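Visitor: mind looking at a prediction? Sequence and model below.
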Amino acid sequence: MNRKLIRPDLSEIKDQMTARTATRARKPVPPEQTHAENYYYSKQMANKTRMVIVLKDGEEIRGVIEWYDKHAIKVHRPTEPNILLLKDNVKYMYKENEDKDQDQD
């Protein structure tokens, strides 16, 4: 009895594997810029919301955001001179009226 070894053609297998990987949809890369920061600043500027900006050294700056760009924020302060803050020095910020809500708790 003569037995014949059946071996698949490797080129066919490679074609099948590339077809499978090509049909698999990859998740799209998330956008680098979501524009959430721009939206937040624009909203606070339009409403002239009084903000508290806490710097990395703990100092608090109170005022209204007048304008911003990629690296800085200009804060208008009614009783003190306006100030230009580099965003790298800002630890966090919040609305001044939220400060009063926290004191009542």
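Guide: Yes, it's here.
Visitor: wait, what's in contact with Asn47?
Guide: Contact analysis of Asn47 by C-beta atoms under 8 Å, 6 or more residues apart in numbering lists nothing. To be clear about C-beta, it is placed using only N, CA and C from the backbone, and glycine gets the same treatment.
Visitor: any idea how far it is from Pro30?
Guide: 29 Å (C-beta to C-beta, to the nearest Å).
Visitor: same question, Gln44
Guide: In terms of C-beta to C-beta, Gln44 sits 25 Å off from Pro30.
Visitor: so between those two, which is more surrounded?
Guide: Gln44 (17 against 6; other C-beta atoms under 10 Å).
Visitor: please, which helix or strand holds the residue nearest the centre of the chain?
Guide: What sits nearest the mean C-alpha location of the chain, by C-alpha atoms, centre = their mean, is Thr34, with 5.9 Å. Secondary structure from DSSP states H and E places Thr34 outside every helix and strand.
Visitor: model confidence for it, exactly?
Guide: For Thr34, the pLDDT comes out at 84.
Visitor: quick one: it from Tyr40, how far?
Guide: 11 Å.
Visitor: and Thr49, by the same measure?
Guide: From Thr49 to Tyr40 the distance is 10 Å (C-beta to C-beta).
Visitor: give me the neighbour count for Pro28.
Guide: With other C-beta under 10 Å as criterion, Pro28 counts 6.
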